[in-house]
Every structure is written in C-alpha cells, then in structure tokens.
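Colleague: predicted model and sequence follow; I will ask about them next.
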Amino acid sequence: MKRLSLIFSLLLVTSALMAQQTNVRDYITVWMVPNHSDWIYAAGEDIHIELSVRRANCALPEQEVALEWGPELREPEKQWTQATGKNGVVALKLKGQKAPGFKTLKASVEYEGKRYTNTINVAIAPEQIKPTSSLPADFRTFWDNAIAEARRVPLKPVMTPRPELSTADYDAYEVCFQNDAANHHMYGLLQVPRGHEGERMPVVIEWPGAGVKPHKGISSPLPEKGYIILEMGVNGIPVTMNDDVYKELRYNALADYQTIRLDDRDKYYYKRIYVGTVRTVDFLETLPFVDTDRIAVTGGSQGGALSIVHAALDKRVKCLSAAYPALCEMAGYRNGRVGGWPGLRELTAQQAAVAEYYDVVNFARMLTQPIKLFIGYNDRVCCPTSTYAAYNVVSAQKELYVAQDCAHWQYPEHRVERHLWLSRMLTSK
C-alpha cells in the first residue's frame, strides 16, 4: 500500500506540473467533436462532426473556416470553406470509407490577421486494419544468426558512478558494454534504489525516443519502490556528455540516422540497435542484484518500437508497455498507404525489401509476452493506421489504451498507468 500511495502522490504532483503546460494553448481554438464518443465508425458509415471556433471557451459566430477532408496523411479528397452559424457552430456531414483506416479533417480559420489550424483523425473499423508489410521467410533465422554472432563478442562491461545524477533514494551509474563487434558499444544510465542491499530487484528497461540526446536521470516512480530503471541509449555514444556534443551530432554525423544504409540488411543503422536490446539483458545478467526473472521494457515512439523488438527477440523480457511505436509499416507509402515514423515516402525496391526485416509489425507477430499499447488517434508522427497494423497482428495477451485526442504525446496519467501496469505484471505470478 505504501508503494501505491507513493506512486499516486507522484501522479498528483506530475499532473499538477503538466497541467501548467497543457493549459497553455492558442488564443483561438478550432474545436471539432465527432458524434461518436469513441471516434470509431463502421465501414461506409457517414461521419458527423460538430465544429466551432472558440475564444475563451466561447464559440464565435459566423467564422469562415477552410476545411480539408481525406485519408490520413495523404492528399485531401475534398477542400471547401464553410461558415459557423450565428450560434458559433456548424454541423458537418462527411463521407466515410469502406476500407478500414483513418480519415482526417483539417480546419483553419483566420482571426485578427493570424491563422489557427487544427486536425482530427477518426477511425473506420480500426480493429480490421491489416499490415501491408510481409514477413520474410528467413526473418527469424536472420535475427537468430545476428544475435549469435554478436554474442561471440565479449561484453567487457563498465559501470561508472554518476553521483551528480544520484539522489537520496537511488544511485546512478553510466554503463557501457560491447555489443555486436569489438569497440561497438551500448551506453545507458542505470538507476539502482538504495536500501535494498542483498536483494535481487526487478528491472524496467526504458528505450529512448528518436534523436541524439543525453540522459538526465530518473523519469519513472518505479526505482523508489525497489525497481531498477535502466535508461538505454542507442547511438553508441555516452549518455552523460555536455548537451552541445549531442547537438553537434544531431545535426551532422548522426543526422537522419534512421535511413543510414537502408539498402543493406546487414549494415542498416538499426541492426546493431536491435541486436543491442538482447545484449542489454546479457549485461544485466552479470549484475548480482538483478532479478532476471522480472524484466520489463517500455518506451514511446522509437522507444515503443524497440520495446516490441526487444520482447520479440528476447523471451527473458516478461512484459512490455509501448506508446505509439515507430518503425511500423516502414514501406507503407510505397505500398499505397501511410507509414509510421520515419515516414519513408520514397523507397527503392531494395530499401523496401530491407525494411521488412526491421518493420516493427513483423516483430509484433512474434510476441508471446503480455503487451499494453498506447495509441493517440491524432498522432501525425507514428500514425494510428501504422500502430494498429502492429497491434492487430499480436496474438499474445494484449491491452490497448486509446486516447483519441492525443497526438504524439501522452497525458501524465497515461504514463503513470503504463508504469503501474508494468508493476502489476512484474509482481504477478
């Protein structure tokens, strides 16, 4: 009970802090409300949306609104203008579609010389969305061989205390170990709760979103409840350097790393990262205070993708919680539909063939562990068509947490719920 009380106390504090940020919004809001509260429609069903232009929460009458309607992240099918009524509201009747997927309404209005825009995505039979990607016949063999080859390389782990990132509740260490070749390293920030000497503690591995950035320390309430948190980096560089170093790499040597060598399945940038997820648990097994029977993985965007990849490749992972995973339907645009981040709109045939070995949809097919997946319908980075394509092929125990109004972000309550779910799964028999 003390653990749960502390978690909920942290939730209240986090929610209060986040409320100060999320309550900062545009002076004018284009407000759109579907007539289905879950934003889900049957195939072929007309879609009704009530639109208003609001200032100080009040609808403004007779505002001219520019509208676009069409498939998610594609060219609109229809463009027109329509005015709100004297009551500040206009009711729109929009044509749905027969195929499962998402449709987008984009609305913008000019007010006092400034333009304000909003979009809304509604779902058409999303549980029926099927991936356009296919599973290569040697998919499992390719990854088994890659992992076996990497394991011929000694880990040579190093743990460096980082007292500047430690607190009264936990000790922080920067960790480093060899991955798939000599001098190819993985780095991370290991956060070990104090007061648990002699115990074997469960671990939550947090995989990072895309980008090149440092790790600042604790981001989850779990370590203070006897959980180790391991925040991993993926770019093969230390995670505690000065911010300027990461900025230089982000815009130069590691710019657009997500497309480096995409034409070669053995040299694509993500190969060593995917293999490195398994090597991360190999490293954890060297630590006497780690309970290797209780390992969970989590993350959002790129981190959500890596959580699925990791669990698919490594059955030592007991459960995973992923938010809006990236790298789903990588060749979606080439296949006539949208694709998730990195939104590869132009792929050669060779690149598309390589992408199938890295597409998170194909790893989702292999999951055997329980998964809780978070999706935001308004996400225009890891679009819901792509994330549903992954979720729908999961045959393991699964839960879907949908926040219709979320884009590529989460409410603080969602993040806490993800960690509470991991905690419940790790303590269950």
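Modeller: Yep, that arrived. Note that this is a predicted model, so its numbers are computed, not measured.

Colleague: can I see the domain layout of this protein?
Modeller: Domains of the chain are assigned by automatic domain parsing as 28-126, 139-427.

Colleague: determine which stretch of those domains is the most buried.
Modeller: Greatest average neighbour count among the domains of the chain goes to domain 139-427 (a mean of 20), per mean count of other Cβ atoms under 10 Å. Backbone N, C-alpha and C define where each C-beta goes, glycine included.

Colleague: how far does that domain sit from its chain's centre?
Modeller: Domain 139-427 sits 9 Å away from the centroid of its parent chain (Cα atoms, centre = their mean, to the nearest Å).

Colleague: how about the domains of the chain, which one is nearest Thr132?
Modeller: domain 139-427 (3.7 Å; Cβ to Cβ).

Colleague: pLDDT of the closest one, averaged?
Modeller: Domain 139-427 shows a mean pLDDT of 94.

Colleague: quick one on the thing from earlier: distance to Thr132 added to the domains of the chain, as CSV?
Modeller: Shown next, in CSV, are these (distance: least, Cβ to Cβ, whole Å):
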stretch, distance to Thr132
domain 28-126, 11
domain 139-427, 4
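
Colleague: ok, which of those domains comes nearest Ser133?
Modeller: It's domain 139-427; of the domains of the chain, that one is closest to Ser133 (Cβ to Cβ) at 4.7 Å.

Colleague: okay, how far is it across the closest one, tip to tip?
Modeller: 33 Å (Cα to Cα, to the nearest Å).

Colleague: could you find the closest non-adjacent residue to the residue of the chain most remote from its centre?
Modeller: Distance to the chain centre peaks in the chain at Lys86, reaching 41.9 Å (criterion: Cα atoms, centre = their mean). With sequence-adjacent residues excluded and distances taken as Cβ to Cβ, 6 or more residues apart in numbering, Lys86 is closest to Pro61, at 4.9 Å.

Colleague: contact partners for the one you found?
Modeller: 84-88 (Cβ atoms under 8 Å, 6 or more residues apart in numbering).

Colleague: do the same with Pro370
Modeller: Pro370 is in contact with 319-320, 396-399, 425, counting by Cβ under 8 Å, 6+ apart.

Colleague: just the residues you listed: which are in strands?
Modeller: 319-320, 398-399 (DSSP state E).

Colleague: make a markdown table out of those residues and add distance to Phe374.
Modeller: Formatted as a markdown table, the ones in strands among the contacts of Pro370 follow (distance: Cβ to Cβ, whole Å):
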| residue | distance to Phe374 |
| --- | --- |
| Cys319 | 14 |
| Leu320 | 12 |
| Lys398 | 12 |
| Glu399 | 10 |
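
Colleague: which one among these gets closest to Asn392?
Modeller: For the ones in strands among the contacts of Pro370, the nearest to Asn392 is Lys398 (9.6 Å; Cβ to Cβ).

Colleague: which strand residues bridge the closest residue to that closest one other than its chain neighbours?
Modeller: The spatial neighbour of Lys398 that comes closest, neighbours along the chain excluded (Cβ to Cβ, 6+ apart), is Ile371 at 5.0 Å. For Ile371, the beta-bridge partners under DSSP bridges are Leu320, Lys398.

Colleague: thought Ile371 was touching Leu320?
Modeller: Yes. Between Ile371 and Leu320 there is a contact under Cβ atoms under 8 Å: 5.2 Å.

Colleague: overlap of the contact sets of the two?
Modeller: Shared contacts of Ile371 and Leu320, counting by Cβ under 8 Å, 6+ apart, come down to 308, 311.

Colleague: doesn't Asp144 fall inside a helix?
Modeller: Yes. Counting by DSSP: H, G, I helix; E, B strand; the rest coil, Asp144 is part of a helix.

Colleague: each with direction, which strands does the helix or strand encompassing Asp293 pair with?
Modeller: Element membership of Asp293 [criterion: DSSP states H and E] is strand 290-300. Using DSSP bridges, strand 290-300 pairs in its sheet with strand 201-207 (parallel), strand 319-323 (parallel).

Colleague: after it, heading C-terminal, what element do we hit next?
Modeller: Counting by DSSP H and E, what follows strand 290-300 is helix 302-313.

Colleague: and that next one, what does it pack onto?
Modeller: strand 201-207, helix 270-284, strand 290-300, strand 319-323, helix 360-364, strand 371-376 (3 or more Cβ pairs under 8 Å, 6 or more residues apart in numbering; DSSP states H and E).

Colleague: between that helix and strand 201-207, how many degrees?
Modeller: Interaxial angle, helix 302-313 versus strand 201-207 (axes from the mean of the first three to the mean of the last three Cα atoms, to 10 degrees): 120 degrees.

Colleague: got the angle between helix 302-313 and strand 371-376?
Modeller: 160 degrees.

Colleague: what sits against the closest residue to Val192 other than its chain neighbours?
Modeller: Leaving aside its sequence neighbours, Val192 sits nearest to Asp171 (Cβ to Cβ, 6+ apart; 5.0 Å). Neighbouring residues of Asp171 by Cβ under 8 Å, 6+ apart: 161, 191-192, 194.
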